[in-house]
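Visitor: Coordinates for the following, if possible.
(one chain, ligands or ions: 2)
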Amino acid sequence: MRLVTIDNGNTNPHVGFFTEGVLQSVVPLDQYSPTPGDFVLIASVGPKLSIQPSFDLKTKRTPTHFFDMKVNYAETLGEDRLIASYGVFKKLKKGERVLLIDAGTFLKTDFITEDGFQGGYIFPGISRFLKIYTESAQLPTLSKDLLFKGNADLPHTTNEAILKATELYLKACVEEVITKIAPDKIVFTGGDANEIKKLISSKVHAETDRHLIHSALSLIHDLHLRQE
Ligand SMILES: Nc1ncnc2c1ncn2[C@@H]1O[C@H](COP(=O)(O)OP(=O)(O)O)[C@@H](O)[C@H]1O
Ligand SMILES: CC(C)(COP(=O)(O)O)[C@@H](O)C(=O)NCCC(=O)O
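Guide: Residues are numbered from 1 along each chain as shown. Ligands and ions are numbered 1, 2, ... in the order given. Now for the predicted structure:
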C-alpha cells in the first residue's frame with residue numbers, strides 16, 4: 001500500500017508519496033492520479049477537492065483537542081496549521097517550546113509546547129505582500145527573486161521602495177514574534193521557508209523541514225491509522 005499525503009494550500013497544492021514510512025517524492029497535485037490501494041490523507045485549506053480521503057482527519061478535532069494534542073484556538077484553525085503543528089508536537093523534547101514558521105501563501109507563526117497548540121499569527125506571505133502594490137495602485141509587481149539584493153540605504157527608486165519595504169515588513173513581523181514568544185527552537189516550513197530564514201538575525205536554534213506537512217500526515221498514519 002502507498003501512503004499519499006495531500007497538502008491542498010492556496011498557491012501550490014502538492015502530493016507526497018510514502019512507502020514504508022519514507023517520503024519518496026513530492027509532486028504538484030495536478031500530476032496525481034489516484035490508484036486503488038492508495039491510502040490518502042488530506043490537509044486542505046484550498047479549493048474543494050474531488051479526491052476523497054481514506055480517513056477524515058476532521059473527525060479527530062474536538063473543541064479542545066486534535067488527537068492527543070490540546071488546541072488552544074477556535075475550531076476554525078486551518079488544517080495545514082493544525083497538522084503541521086501536530087507533527088512538531090509529537091517530536092518535542094522534554095519542556096521544549098517551538099515556534100513553527102510556515103511561509104506559504106500566508107506566513108503563519110504558531111507556538112507549540114508540551115501543553116499543545118498555544119496559538120499564532122497569520123500575516124500576508126511574500127508573494128501576497130508584493131501583489132498588494134499592483135492591486136491597490138499603479139505600481140509594479142516585482143518578483144520575490146529581486147529581494148535581499150540591495151544595500152541598507154534608504155530606498156531611492158520605486159522598485160527599491162517596494163522591495164526594501166517588503167523585506168522590512170517580513171523581518172519586523174517575524175522578529176517581533178520571536179521576541180514575544182522567546183521559543184527554544186524555530187522550525188521553518190513552506191515554499192518560502194528559505195527566504196524567511198535568511199531574514200532572521202535571532203540566535204534561536206532553527207531547523208528547516210520543507211515537507212513538514214507531509215511528514216506530519218505520515219506520522220499520523222503510522223501512530224493512529226496503520227492497519228497491522
Ligand atoms: N513550485 C512552486 N509553485 C508555486 N509557488 C512556489 C513554488 N516553489 C516555491 N514557491 C513559493 O512558495 C509559496 C507558496 O508556498 P506553499 O507552502 O506551497 O503555499 P501554500 O501551502 O499556501 O500553497 C509561493 O508564494 C511561492 O513564493
Ligand atoms: C491562514 C490560511 C489561509 C493559510 O493558508 P496557506 O498559506 O497555507 O495557503 C489557512 O491556514 C486557513 O485558511 N486558516 C483558517 C483560519 C485560521 O487558521 O485561523
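
Visitor: Stretch 43-54 near ligand 2 anywhere?
Guide: Yes: using Cβ under 6 Å from any ligand atom, we find that stretch 43-54 touches ligand 2 at Val45. C-beta here means a position set from N, CA and C on the backbone, and glycine is covered the same way.

Visitor: hey, C-alpha coordinates of that stretch in PDB?
Guide: Presented in PDB, the C-alpha positions along stretch 43-54 are these (Å, rounded to 0.1, in the frame of the first residue of the first chain):
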ATOM      1  CA  ALA A  43      -4.700  18.600   4.800                       C
ATOM      2  CA  SER A  44      -6.900  21.100   2.900                       C
ATOM      3  CA  VAL A  45      -7.400  24.900   3.200                       C
ATOM      4  CA  GLY A  46      -7.600  25.500  -0.500                       C
ATOM      5  CA  PRO A  47     -10.400  24.900  -3.100                       C
ATOM      6  CA  LYS A  48     -12.600  21.800  -2.600                       C
ATOM      7  CA  LEU A  49     -11.000  18.600  -3.900                       C
ATOM      8  CA  SER A  50     -12.700  15.900  -5.900                       C
ATOM      9  CA  ILE A  51     -10.400  13.300  -4.200                       C
ATOM     10  CA  GLN A  52     -11.800  11.700  -1.100                       C
ATOM     11  CA  PRO A  53      -9.500  10.900   1.900                       C
ATOM     12  CA  SER A  54      -9.300   7.400   3.200                       C
END
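
Visitor: close to ligand 1, is that stretch?
Guide: No: using Cβ under 6 Å from any ligand atom, stretch 43-54 never reaches ligand 1; the gap is at least 6.7 Å.

Visitor: Send me the longest helix anywhere in the chain as CSV with only the CA atoms.
Guide: Using DSSP state H to define each element, the chain has its longest helix at helix 158-181. Extracted C-alpha coordinates of helix 158-181, given in CSV (Å, rounded to 0.1, in the frame of the first residue of the first chain):
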residue,chain,number,x,y,z
THR,A,158,10.0,52.9,-6.7
ASN,A,159,11.4,49.4,-7.1
GLU,A,160,13.7,49.8,-4.1
ALA,A,161,10.9,51.4,-2.0
ILE,A,162,8.7,48.3,-2.6
LEU,A,163,11.4,45.7,-2.2
LYS,A,164,13.0,47.2,0.9
ALA,A,165,9.6,47.8,2.5
THR,A,166,8.8,44.1,1.8
GLU,A,167,12.0,43.0,3.5
LEU,A,168,11.4,45.3,6.4
TYR,A,169,7.8,44.1,6.8
LEU,A,170,8.8,40.4,6.8
LYS,A,171,11.7,40.9,9.1
ALA,A,172,9.8,43.1,11.6
CYS,A,173,6.8,40.7,11.8
VAL,A,174,8.9,37.6,12.3
GLU,A,175,11.5,39.1,14.7
GLU,A,176,8.8,40.7,16.8
VAL,A,177,7.0,37.3,17.2
ILE,A,178,10.3,35.6,18.1
THR,A,179,11.0,38.2,20.7
LYS,A,180,7.5,38.0,22.1
ILE,A,181,7.4,34.2,22.3
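
Visitor: Now do that helix, average pLDDT.
Guide: For helix 158-181, the mean pLDDT works out to 96.

Visitor: Quick check: buried residues in the lowest-mean-pLDDT helix or strand in the chain?
Guide: Using mean pLDDT, DSSP states H and E, helix 193-199 stands out as the lowest-scoring helix or strand of the chain, at a mean of 91. Across helix 193-199, burial judged by 16 or more other Cβ atoms under 10 Å covers Ala193, Glu195, Ile196, Lys197, Leu199.
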